[in-house]
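1. no FASTA, just this:
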């Protein structure tokens with residue numbers, strides 16, 4: 001303290017009235033912070049507690065808005081608003097605001113729990129098994145990532161409509177004309193992580209045809225060949241195709257047994273070998289096709305599939321009038 005000349009009154013003004021920190025006072029006195037601390041002791045000036053050094057303290061309302069509502073991290077709040085992270089953590093505890101864990105801290109956008117509607121759930125599962133990649137953001141994450149890509153605008157719009165009320169959806173067009181889409185959802189969508197067919201879908205006809213509509217919108221075809229309409233599904237999952245085949249027949253809708261193209265081990269046009277066979281299921285007979293389309297009609301959502309389904313029904317009705325219901 002040799003050479004430092006400051007009165008008790010002046011130090012009290014700087015420390016208590018002006019609320020300067022010991023570091024700020026040391027800078028003004030051109031000495032080290034330890035010297036200022038010793039002067040406080042010498043003059044018997046009551047030292048502030050560490051958290052009192054920061055007079056820039058956020059209110060409960062501010063923290064609820066920034067931390068809870070806007071989901072800003074303590075790092076972000078410190079950077080933008082100037083409240084120190086230590087002060088923020090202390091005040092969160094004092095105000096009874098739950099501190100997010102690592103998984104919660106990655107959640108920025110508002111999310112909504114899945115509705116719980118089983119018809120909606122069956123449709124989404126059907127679409128997922130056909131055309132959606134699903135994963136956790138990382139092993140302990142509380143985020144379910146849904147992703148897909150297509151060159152067809154209607155397909156991307158359909159996926160967007162499926163999930164936008166539940167979480168943030170990103171859409172990106174690539175230079176090659178493909179459109180990628182991703183949705184980040186909460187853990188109420190963890191049922192989509194499994195690639196197994198859920199048995200409860202077979203319990204009610206409505207569940208099954210809602211599931212089949214989702215799978216059809218993703219992987220199915222409703223079209224015409226030689227003026228005759230047909231319905232077909234294709235997928236690498238042999239087990240799933242046979243589940244659909246068996247249940248359609250159980251419900252009185254006859255269809256051809258799934259068959260494969262035996263492509264396993266063969267190379268595609270880029271030289272890559274297929275790891276498994278591709279399986280197909282087809283319905284050609286007019287009566288069975290009509291029964292199927294009528295049951296699918298309430299659940300189909302893809303605009304192109306809706307048009308194809310309606311055209312097929314009209315064509316079958318016209319053929320029935322001309323040739324009878326054979």
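-> On my side now, so go ahead. None of the values given here were measured: they were computed from a predicted structure. Numbering: from 1, shown residues only.

2. switch to C-alpha atoms for all contacts and neighbour counts from now on
-> Will do.

3. how about the helix or strand where residue 129 lies: buried residues?
-> Using DSSP states H and E, residue 129 maps to helix 118-131. By neighbour count with 16 or more other Cα atoms under 10 Å, helix 118-131 contains the buried residues 119-131.

4. what is the mean pLDDT for it?
-> For helix 118-131, mean pLDDT is 96.

5. Just the residues contacting that helix, thanks.
-> Counting by Cα atoms under 8 Å, 6 or more residues apart in numbering, helix 118-131 makes contact with 134, 148, 162, 192, 195, 201, 206-208, 210-219, 235, 299, all of which sit outside it.

6. one more time with 6 Å
-> 207, 210, 211, 214, 215, 218, 219 (Cα atoms under 6 Å, 6 or more residues apart in numbering).

7. Remind me which helix or strand the fifth one belongs to.
-> Looking back up the chat, that one is residue 215. Assigned by DSSP H and E, residue 215 falls in helix 205-219.

8. Okay, angle between that helix and helix 118-131 too, please.
-> With axes from the mean of the first three to the mean of the last three Cα atoms, to 10 degrees applied, the angle from helix 205-219 to helix 118-131 works out at 30 degrees.

9. Who are the packing partners of helix 205-219?
-> helix 118-131 (3 or more Cα pairs under 6 Å, 6 or more residues apart in numbering; DSSP states H and E).

10. How about the helix or strand just after the helix it packs on, which residues are buried there?
-> Following helix 118-131 in sequence order, the next helix or strand is strand 133-136 (DSSP H and E). For strand 133-136, the neighbour count (16+ other Cα under 10 Å) marks 134, 135, 136 as buried.

11. Next: stretch 273-282.
-> By 16+ other Cα under 10 Å, the buried positions in stretch 273-282 come out as 276, 277, 278, 279, 280, 281, 282.

12. would you list those residues in a markdown table and tack on pLDDT?
-> As requested, the buried residues of stretch 273-282 are exported to a markdown table (pLDDT from 0 to 100):
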| residue | pLDDT |
| --- | --- |
| 276 | 88 |
| 277 | 90 |
| 278 | 90 |
| 279 | 93 |
| 280 | 94 |
| 281 | 94 |
| 282 | 94 |
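
13. List just the nearest of those to residue 38.
-> Here the nearest of the buried residues of stretch 273-282 to residue 38, counting by Cα to Cα, is residue 276; it sits at 78.1 Å.

14. Tell me the spacing between the closest one and residue 197.
-> 19 Å (Cα to Cα, to the nearest Å).

15. cool, and residue 93?
-> Remark: distance between residue 93 and residue 197 (Cα to Cα) = 45 Å.

16. which one of these two has more residues nearby?
-> Shown here are residue 93 and residue 197; by other Cα atoms under 10 Å, residue 197 has more neighbours (14 against 11).

17. so the more buried one, which of the three states?
-> Assigned with DSSP: H, G, I helix; E, B strand; the rest coil, residue 197 falls in the coil class.

18. give the contact list for it.
-> Contacts of residue 197 by Cα under 6 Å, 6+ apart: none found.

19. Apply 8 Å and report the result again.
-> Counting by Cα under 8 Å, 6+ apart, residue 197 touches residue 240.

20. where does it land on pLDDT?
-> With respect to pLDDT, residue 197 scores 96.

21. now the strands for the stretch 101-250 of the chain?
-> For the stretch 101-250 of the chain, the strands defined by DSSP state E, counting those that start in this stretch occupy 133-136, 144-150, 168-173, 179-185, 220-225, 228-235.

22. what's the closest of those strands to residue 309?
-> That would be strand 220-225 among the strands of the stretch 101-250 of the chain, by Cα to Cα, at 6.3 Å.
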